[in-house]
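>>> everything below, folded, please.
(chains A and B)
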There are 2 protein chains.
Amino acid sequence: MYRLHGFSQSGNSFKAAFMLRALGEPWEAVFVDYMAGGQNRQPGWRETVNEMGEAPVLEAAGKRLSQSGAILTWLADRHGRYRGRDEDERYEVLRWMLFDNHKFTSYFATYRFMKAFGAAEPDPAVMAFLKNRIDSAFGIVDKHLARSDFMVGDAPTIADISMCGYLYYPVEESGIDVRTAYPNIAAWLQRVQAIPGWADPYTCLPGERIAPLR
Amino acid sequence: MYRLHGFSQSGNSFKAAFMLRALGEPWEAVFVDYMAGGQNRQPGWRETVNEMGEAPVLEAAGKRLSQSGAILTWLADRHGRYRGRDEDERYEVLRWMLFDNHKFTSYFATYRFMKAFGAAEPDPAVMAFLKNRIDSAFGIVDKHLARSDFMVGDAPTIADISMCGYLYYPVEESGIDVRTAYPNIAAWLQRVQAIPGWADPYTCLPGERIAPLR
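The predicted structure is shown next:
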């Protein structure tokens, strides 16, 4: 039985939850109270659950895994699904997951968090800096998806499950209408949503939905 | 014969160059004129070399690989070295390489580039935002290295080769004295530097050294 530490606002937690659902594996959620309590940033949590201070964390087979990309890879290898059809595809999957962590999810997730949930009003220069990087990364992915149904090969992989992680949240949270700005990403999100097990992040994971602060 | 597209100011290119040197494999460098010409951001380069617009790119065995983490993994798997001693270690290596791309190399490399080489004077709010994230990521790694000689297990892996990528450049480029602020990282950099093949980034890769603009 898998145990996934996470919370609904965390798109990185959603990536792992979506994968477990796509695999049809039984799992239970362990709520990480980040939004109200900053639980995962506290020393006790870091020492016992994840020194990186981040959700998600997957407990599985006596192990404790963190980093959504490592969790997705471990699950894909273990179950032999969504990992790419051959070795070449698997390095391509890794390549896009690294790009995701570095530039695609990363800046978008930070931007959304600061806009919707940050305690202080975000600095406009910082938001402009992030928005510029989002535009660059999303432009690259939209172009890639103009000639490919999925990120790697012609079937869904963990690269898709990783990269869609923050894109099913309501537009008002980020204030960025990704589907209108990037039509190829919009069409791909429809295809990813057709993977069995897909559900809205707020129904996959514990943690009450919070209205955006701004 | 490996061909590595990169340039000396790119710590991500250095990661791949250091790995090729550590493996003792013959390779040749293909100069990417990013600093003076923005070559890798131009449409022609993107279409023929790397759609992500980034160095490094490794040409090997008829393939073209990008993303330093994917290149390091491919080389480690192919040569059976620096990949971790068993499967558990290999997922830990992946975990730290993802953290590196997301938070450790990522913000530090951007900060250094904007300070030393950016065309425009960087916005102080953006620099403060990045510095805050650098402090957080470097604090996590320093704590980890207080109880471990290398990032994973007791021998060097591609996690070390990835994470050290931007830390052998002159302090004046970033303006951040990492070794003084983080003594465990400083001691680890000494150990990593003892890996056979290590050399200063400016001697590993083509591209003249440029004095920091500010």
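
>>> mind telling me what element residue A:112 is part of?
Per DSSP states H and E: residue A:112 is located in helix A:105-116.

>>> wait, residue A:178 touches residue A:188, no?
No. Residue A:178 is beyond contact range of residue A:188, at 10.7 Å (criterion: Cβ atoms under 8 Å). From N, CA and C alone the C-beta is placed, and that goes for glycine too.

>>> comparing these two, which residue is more hemmed in?
residue A:188 (25 against 17; other Cβ atoms under 10 Å in any protein chain shown).

>>> before we move on, what SS does that one have?
Using DSSP: H, G, I helix; E, B strand; the rest coil, the structure places residue A:188 in helix.

>>> how about it: what's its closest non-neighbour residue?
residue A:145 (4.8 Å; Cβ to Cβ, 6 or more residues apart in numbering or on different chains).

>>> how near is the one you found to residue A:163?
10 Å (Cβ to Cβ, to the nearest Å).

>>> what's the nearest residue to residue A:169 if we skip its chain neighbours?
Closest residue to residue A:169 apart from its sequence neighbours, by Cβ to Cβ, 6+ apart: residue A:201 at 6.3 Å.

>>> OK, contacts around that neighbour?
Neighbour list for residue A:201: A:8, A:9, A:11, A:14, A:17, A:168, A:169 [criterion: Cβ atoms under 8 Å, 6 or more residues apart in numbering or on different chains].

>>> at 10 Å what do you get?
A:6-11, A:13-15, A:17-18, A:165-170, A:207, A:209 (Cβ atoms under 10 Å, 6 or more residues apart in numbering or on different chains).

>>> what do you get for residue A:193?
Per Cβ under 10 Å, 6+ apart, neighbours of residue A:193: A:164, A:167, A:168, A:199, A:200.

>>> for these, which one is nearest residue B:77?
residue A:164 (27.1 Å; Cβ to Cβ).

>>> tell me which residues of the least confident helix or strand in chain A by mean pLDDT come out buried.
Lowest on mean pLDDT, DSSP states H and E among the helices and strands of chain A sits helix A:34-37, with a mean of 88. The neighbour-count check on helix A:34-37 (16 or more other Cβ atoms under 10 Å in any protein chain shown) flags A:34, A:35 as buried.

>>> so what's the gap between that helix and the chain middle?
Averaged C-alpha coordinates place helix A:34-37 at 19 Å from its chain's average position (Cα atoms, centre = their mean, to the nearest Å).

>>> helices or strands next to the one helix or strand residue A:142 maps to in the packing?
Using DSSP H and E, residue A:142 falls within helix A:124-145. Applying 3 or more Cβ pairs under 10 Å, 6 or more residues apart in numbering or on different chains; DSSP states H and E, we find helix A:124-145 packed against helix A:87-99, helix A:105-116, helix A:158-163, helix A:178-181, helix A:183-193, helix B:43-48, helix B:105-116, helix B:124-145.
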